[in-house]
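Asker: can you look at this prediction? I've put the sequence above it.
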Amino acid sequence: MTARRVSRRVAGGAKRSRMHDGKPSWQDPELPQQYKQGWVEFYKLKFKVTPDVLIPRPETELLVDEVLDFVNNLHPKPYSLTILDLGTGSGNIAISLAKNLSRSDKLCLSHPITRFGYAPGVTILATDISRKALKVAKQNAKLHGVEKQITFIQSNLLGTKNTQWRKNGPPDVIVTNLPYIPSARIPYLDSSVKDFEPKIALNGGRDGFELYRKLFAQIKKLGWHPALMVFEIDYTHGELAINEAQKYFPKARIEVKTDLSHKQRILLIKATGWEAPEELP
Ligand SMILES: C[S@@+](CC[C@H](N)C(=O)[O-])C[C@H]1O[C@@H](n2cnc3c(N)ncnc32)[C@H](O)[C@@H]1O
């Protein structure tokens with residue numbers, strides 16, 4: 001999500017919604033161009049977008065950079081690694097990772113079931129609470145030829161009963177751009193955002209950090225210790241994010257990084273003492 005979205009206020013407060021019967025009007029001059037043309041570029045790849053998914057923003061590419069940097073610099077090369085993209089939307093993060101990791105000479109991205117009973121290389125799980133978003137994400141995975149490398153799961157944060165979670169064990173990397181706009185700020189967003197992008201992709205609750213707080217509590221309750229967690233945050237949330245992360249993950253290394261506009265944008269939580277699953281002989 002972007003600073004642009006929150007800085008352009010609508011003169012005179014909230015405008016009348018431009019949605020008709022819950023559907024966008026395709027004639028509306030404020031309908032985002034990306035929805036009109038039906039696609040957007042992200043990480044040098046083309047993604048289908050519909051009003052069921054958030055339009056991927058350029059700053060979210062930084063999350064992909066962080067994960068690729070981490071995975072490609074692992075020594076020794078791990079035998080297997082699970083990456084969870086939570087709130088996948090159009091699938092832009094998971095698919096960019098799949099495309100780039102499959103090009104990497106350091107790790108293979110494959111799913112043959114070996115005699116050891118689990119898959120070598122990188123496993124990517126992509127989840128969303130929205131079935132409609134997952135449909136678009138799956139279409140994008142197919143367009144990019146990575147549909148077999150990503151497992152899509154419908155889930156409200158980590159509260160799924162789906163056995164896929166258990167099959168892969170705890171993820172080594174969690175990357176997510178959960179909704180982070182405080183509810184009270186939503187009526188003041190630009191019409192192109194608040195009237196056309198899915199509310200479920202924007203609304204971060206009372207202070208905008210509620211979903212992240214819930215997620216932190218779930219990760220702690222499950223006893224997961226991911227090597228790396230990468231979260232996109234609102235540019236006003238830097239200090240709050242560090243304080244909350246310290247409460248739930250007191251032993252981790254916690255850092256906030258800025259985006260290209262020098263706004264605080266990424267929360268990084270790195271486990272201390274994490275060891276990659278070892279390469280088998
Ligand atoms: C800000 S959008 C990010 C979409 C995409 N990952 C990106 O970066 O462009 C947030 C996504 O989280 C999903 N979401 C919202 N609440 C969720 C929840 N409780 N559990 C899982 N996903 C959720 C929304 O449906 C939406 O697709």
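Answerer: That came through fine.

Asker: could you use CA atoms for every contact and neighbour count after this?
Answerer: Fine.

Asker: how about the residues of the stretch 1-150 of the chain near the ligand?
Answerer: Met1, Val53, Leu54, Pro56, Thr60, Gly87, Thr88, Gly89, Asp128, Ile129, Ser130 (Cα under 6 Å from any ligand atom).

Asker: the same query, at a cut-off of 8 Å, please.
Answerer: Among all residues of the stretch 1-150 of the chain, those adjacent to the ligand (criterion: Cα under 8 Å from any ligand atom) are 1, 53-57, 60, 85-93, 127-130, 133.

Asker: from those, keep the buried residues only.
Answerer: By the neighbour-count criterion of 16 or more other Cα atoms under 10 Å, these include these buried positions: 1, 53-56, 60, 85-93, 127-130, 133.

Asker: can you give me the helices in the stretch 101-250 of the chain?
Answerer: Secondary structure of the stretch 101-250 of the chain, counting by DSSP state H, counting those that start in this stretch: helices at 131-143, 164-168, 191-194, 210-222, 238-248.

Asker: out of these, which comes closest to Leu81?
Answerer: Set against Leu81 and scored by Cα to Cα, the helices of the stretch 101-250 of the chain come closest in helix 164-168, at 9.3 Å.

Asker: wait, doesn't Ile153 sit right on Ser130?
Answerer: No - counting by Cα atoms under 8 Å, Ile153 stays clear of Ser130, with 10.0 Å between them.

Asker: returning to that earlier point: mark which of the residues of the stretch 1-150 of the chain next to the ligand are part of strands, please.
Answerer: With strands defined by DSSP state E, the entries of those inside them are Asp85, Leu86, Thr127, Asp128.

Asker: the ligand: which of the residues you listed is nearest?
Answerer: Asp128 (3.9 Å; Cα to the nearest ligand atom).

Asker: the closest one contacts Asn156, doesn't it?
Answerer: Yes - the criterion here is Cα under 8 Å, and Asp128 meets it with Asn156 at 6.9 Å.

Asker: partners of the residue positioned nearest the centre of the chain in the sheet?
Answerer: The structure's the chain has its C-alpha centroid closest to Thr176; by Cα atoms, centre = their mean the separation is 3.0 Å. Thr176 has these beta-bridge partners by DSSP bridges: Leu86, Phe231.

Asker: wait, it touches Leu215, no?
Answerer: No - taking contact to mean Cα under 8 Å, the distance of 10.4 Å between Thr176 and Leu215 leaves them out of contact.

Asker: ok, now which ones touch Gly89?
Answerer: Taking Cα atoms under 8 Å, 6 or more residues apart in numbering as the definition of contact, the neighbours of Gly89 are Val53, Leu54, Asp128, Ala133, Leu134, Val136, Ala137, Ala201.

Asker: ok, the closest residue to Gly91 other than its chain neighbours to Gly87 distance?
Answerer: If the residues on either side of it in the chain are set aside, Gly91 comes closest to Ala137, at 4.4 Å by Cα to Cα, 6 or more residues apart in numbering. Ala137 sits 11 Å away from Gly87 when distances are taken as Cα to Cα, to the nearest Å.

Asker: likewise for Gly145?
Answerer: Here Gly145 is placed at a distance of 21 Å from Gly87 (Cα to Cα).

Asker: quick one: the closest residue to Ile200 other than its chain neighbours from the ligand, how far?
Answerer: By the measure of Cα to Cα, 6+ apart, the closest residue to Ile200 outside its immediate chain neighbours is Pro179, 7.3 Å from it. Spatial separation of Pro179 from the ligand under the definition Cα to the nearest ligand atom, to the nearest Å is 4 Å.
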